[in-house]
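Participant: Below are the sequence and a predicted model for it; my questions follow.
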Amino acid sequence: MLPKPQRLNLKTDFKWVAAGKKLETKYLKLFIKPGDNQIPRIGIAVSSKIFNKATARNKAKRLTSAAFEALYSKLPKTINIVALPKSSINKVKSPDVLLDLEKILKDEKIIN
C-alpha cells in the first residue's frame, strides 16, 4: 500500500480526478488528471456492487496497489489517478495487472 501522502484520501479529491481523462484497460478503469501537487497521488475505489465479498474487494485493492507501487517512480510529479478495478482483476496474477497498467500508461505517453 502506498504511504498516505501518495494517496488520494478525500471524496472531493476523487470527484475532482474523476472529472478528468478516462482510460479503460482489461482489468482497470482509470481517471487521470494533472494537478499542482508535488508528488503523484493515487486513489483506488472498489465497488461493493461489483465485488460482493470483502475478501474480493481486498484482493482487487491489493493487486491494483501493487501495480501502482511498481510504477510509482516512473509517474510524472503532478499526476492524479483514480483506479477502479474491474471484476476480471481477481482472476489474474499481479504481473498481469502490472503489464496491463504499464501498457496503457505508455500508450497514453504518461510514462516512458
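Facilitator: Thanks, I have it.
Participant: quick one, what contacts the residue nearest the centre of the chain?
Facilitator: Nearest to the geometric centre of the chain sits A83, at 3.2 Å (Cα atoms, centre = their mean). Counting by Cβ atoms under 8 Å, 6 or more residues apart in numbering, A83 makes contact with 28-30, 42-45, 64, 68. Yep, even glycine has a C-beta here, placed from its N, CA and C like the rest.
Participant: Name the SS class of it, please.
Facilitator: Following DSSP: H, G, I helix; E, B strand; the rest coil, A83 is assigned to strand.
Participant: for Q38, same thing?
Facilitator: Following three-state DSSP, Q38 is assigned to coil.
Participant: if I look at V92, how far off is T64?
Facilitator: Shown here: V92 relative to T64, a distance of 12 Å by Cβ to Cβ, to the nearest Å.
Participant: Of these two, give the one with the bigger neighbour count.
Facilitator: More crowded of V92 and T64, by other Cβ atoms under 10 Å: T64, with 23 against 14.
Participant: mind listing what that one touches?
Facilitator: Taking Cβ under 8 Å, 6+ apart, one finds 28, 44, 83, 85, 89, 97 in contact with T64.
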